[in-house]
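Visitor: test case, fold it:
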Amino acid sequence: MDNDMEMLETLQSQTFNYFLTYVNPANGLIADKSDPDSHSSIAVVGLGISSYVAAIERNLLSRNEATHKILTVLDFFYSGHQGTEPDAMGYKGFYYHFLHMDTGKRAWESELSTIDTAIFIAGVLTAASYFQGKNKEEQKIRELADGLYRRVDWQWALNNNATICHGWKPESGFLANYWDQGYSEAIILYILALGSPTFPIEPDGYLQWTSTFAWDKIDGIEYIHAGPLFIHQMSHLWLDFRGIQDDLNRKYKIDYFENSRRATHIQQQYAIRNPRNFKHYSKNNWGFTASDGPGPAIVMIDGEEKIFYDYIARGVPFGPDDGTISPWAVVASLPFAPDIVMGTIRHAIQKLKQNNVSKEGFDASFNPLFVMAESKKNGWVSPWKFGLNEGPMVIMIENFLTQLIWNLFKKSGYITHGLRRAGFRGGWLDESN
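Guide: This is a model prediction of the structure:
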């Protein structure tokens, strides 16, 4: 057991280095990926803020250092220009998905993203719950965090509908898609919108959305289905669903934590069953989620054309599946299924040691089939690290070890209010004030 804990702490420390390396110290923006030309992702900033908090507890960052980093980025976001101009930082309290690392202005003509703003705000509220000191710096963190959350106009994002729109662009208005179909990472989005003290939405949209979730049976396991593993993880980075249920959970006699446990086992079972006969799949080689890939390309393998994708949401059992595995996704399921995840982590670390790169942490993804087919080398490995991969590993290792981020979120009256308005009852939620 001690060796397991040491292994996890080492991996967490290696992973956290991303948030120390790929950051602009002048404004706190964190890069989407390790590419030197990368823009900042607002979701990665939210993950980074929560990771800073975990790092304090792990002695990877002093409290003073973390306070300075978080104050810098919160102040930058709070003072950043909000308006309808195409190069603003945000509008109506939301922020553009990607921002220029130096100026914080909108990048790539990206959308004003509701889900990515929610992930950012989740990090902001983590900091607000953690920094409870009476000194002026920690008071300022709480004030900025509260201000950032309070000005997000979730009602505007409905666009006169019951459910929340994916986003908005100044050139064309609201996007066509809404968070209204199928189980997804949007639970954290709805809980924040329902718990808002200033622009709360009505519960009807959440109930309408959850009524579309598919109950399925795969490899003999029944669960609320979503193919990519990240869907079963993202909201859980902050929300502890153990023992609390909404209306849909009560219908199926399950909670979302147990659902994620089952989804994790289904992923491993898929790799063991290996319906597409990828030789590298096994009980310790799996992890299918949204991540980098070797494509887009079509390669002839044994006389058959094989399609390879780039960055795409891979999932099981319906695909897409091109042989690409994302080890980080397994780590982010650690709290759900340590019985199968721990062995997979150990296996992955051993592989890294064999390749003399164990001190760099996990790669985003790899696919031995692609490069073997073209050059007979050892296989394709993503050249980049991604903040959306690194953050969940840091946070979920911490939740497994100490439940820190979960416990901080439980202290937020905004969050408990949002959960109750969504219909959640039971467990720790009934015991909280």
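Visitor: please make it C-alpha for all contacts and neighbour counts, starting now.
Guide: Fine.
Visitor: so which residue is smack in the middle of the protein?
Guide: M234 (3.9 Å; CA atoms, centre = their mean).
Visitor: with the flanking residues excluded, which residue is spatially nearest to that residue?
Guide: For M234, ignoring the flanking residues on the chain, the nearest one in space by CA to CA, 6 or more residues apart in numbering is E185 at 5.7 Å.
Visitor: what do you get for I188?
Guide: Leaving out its chain neighbours, I188 is closest to S235 (CA to CA, 6+ apart), at 5.0 Å.
Visitor: how near is the one you found to N17?
Guide: Look at S235 and N17: by CA to CA, to the nearest Å, they are 23 Å apart.
Visitor: which of those two has more residues huddled nearby?
Guide: Regarding S235 and N17, a neighbour count based on other CA atoms under 10 Å identifies S235 as having more, with 22 against 14.
Visitor: run through the residues that contact the more buried one.
Guide: The contact partners of S235, taken as CA atoms under 8 Å, 6 or more residues apart in numbering, are 185-188.
Visitor: now D75, what's its secondary structure?
Guide: The three-state assignment at D75 reads helix, by DSSP: H, G, I helix; E, B strand; the rest coil.
Visitor: wait, doesn't it sit right on L144?
Guide: Yes - in terms of CA atoms under 8 Å, D75 counts as a neighbour of L144; the distance is 6.8 Å.
Visitor: the two: who's more crowded?
Guide: Neighbours of D75 and L144, each counted by other CA under 10 Å, are more numerous for L144; the result is 21 against 17.
Visitor: just the pLDDT at the more buried one, thanks.
Guide: According to the model's per-residue confidence, L144 sits at a pLDDT of 98.
Visitor: what's the neighbour count on the residue nearest to it when sequence neighbours are not counted?
Guide: Closest residue to L144 in three dimensions, ignoring its sequence neighbours and counting by CA to CA, 6+ apart: L74, at 6.3 Å. L74 has 26 neighbours, counted by other CA under 10 Å.
Visitor: name the SS class of the nearest residue to Y281 once chain neighbours are set aside, please.
Guide: Distances taken as CA to CA, 6+ apart place A271 nearest to Y281, at 5.2 Å, with adjacent residues excluded. Following three-state DSSP, the label given to A271 is helix.
Visitor: any low-confidence regions in the stretch 1-150 of the chain?
Guide: Of all residues in the stretch 1-150 of the chain, those with pLDDT under 70 make up the ranges 1-2.
Visitor: one step back: closest one of the contacts of S235 to G303?
Guide: E185 (38.9 Å; CA to CA).
Visitor: related to what we said a few turns ago, do you know how far the residue nearest to the centre of the chain is from N399?
Guide: With distances defined as CA to CA, the gap from M234 to N399 amounts to 13 Å.
Visitor: what of K140?
Guide: Taking CA to CA as the criterion, K140 is separated from N399 by 26 Å.
Visitor: re earlier: does the residue nearest to L144 really touch A145, like I thought?
Guide: Yes - L74 lies in contact with A145 (CA under 8 Å); the separation is 7.0 Å.
Visitor: mutual contacts of those two, please.
Guide: Among the neighbours of L74, those also in contact with A145 (CA under 8 Å, 6+ apart) are V124.
Visitor: which one of K140 and N399 has more residues nearby?
Guide: Each of K140 and N399 had its neighbours counted (other CA under 10 Å), and the higher figure belongs to N399 (22 against 18).
Visitor: are we agreed that the more buried one is in a helix?
Guide: Yes - assigned with three-state DSSP, N399 falls within a helix.
Visitor: what helix or strand does the residue lying closest to it once chain neighbours are set aside sit in?
Guide: Nearest in space to N399, with sequence neighbours left out and distances taken as CA to CA, 6+ apart, is I405 at 6.2 Å. Using DSSP states H and E, the element containing I405 is helix 404-410.
Visitor: next, work out how far apart the residue located most distally from the centre of the chain and F278 are.
Guide: Relative to the centre of the chain, and counting by CA atoms, centre = their mean, the farthest-placed residue is G303 at 38.5 Å. As defined by CA to CA, G303 lies at a distance of 16 Å from F278.
Visitor: now the residue nearest to D35 when sequence neighbours are not counted: which helix or strand?
Guide: For D35, ignoring the flanking residues on the chain, the nearest one in space by CA to CA, 6+ apart is W384 at 6.4 Å. When elements are assigned from DSSP H and E, W384 belongs to no helix and no strand.
Visitor: what about W384, neighbour count?
Guide: By the other CA under 10 Å criterion, the neighbourhood of W384 contains 14 residues.
Visitor: list the residues that contact it.
Guide: Under the criterion of CA under 8 Å, 6+ apart, the neighbours of W384 are 33-35, 363-364.
Visitor: 7 Å - rerun?
Guide: Neighbouring residues of W384 by CA atoms under 7 Å, 6 or more residues apart in numbering: 33-35, 364.
Visitor: and stretch 104-113, how far out from the chain's middle?
Guide: For stretch 104-113, the gap between its own C-alpha mean and the chain's C-alpha mean amounts to 19 Å (CA atoms, centre = their mean, to the nearest Å).
Visitor: thanks a lot, catch you later.
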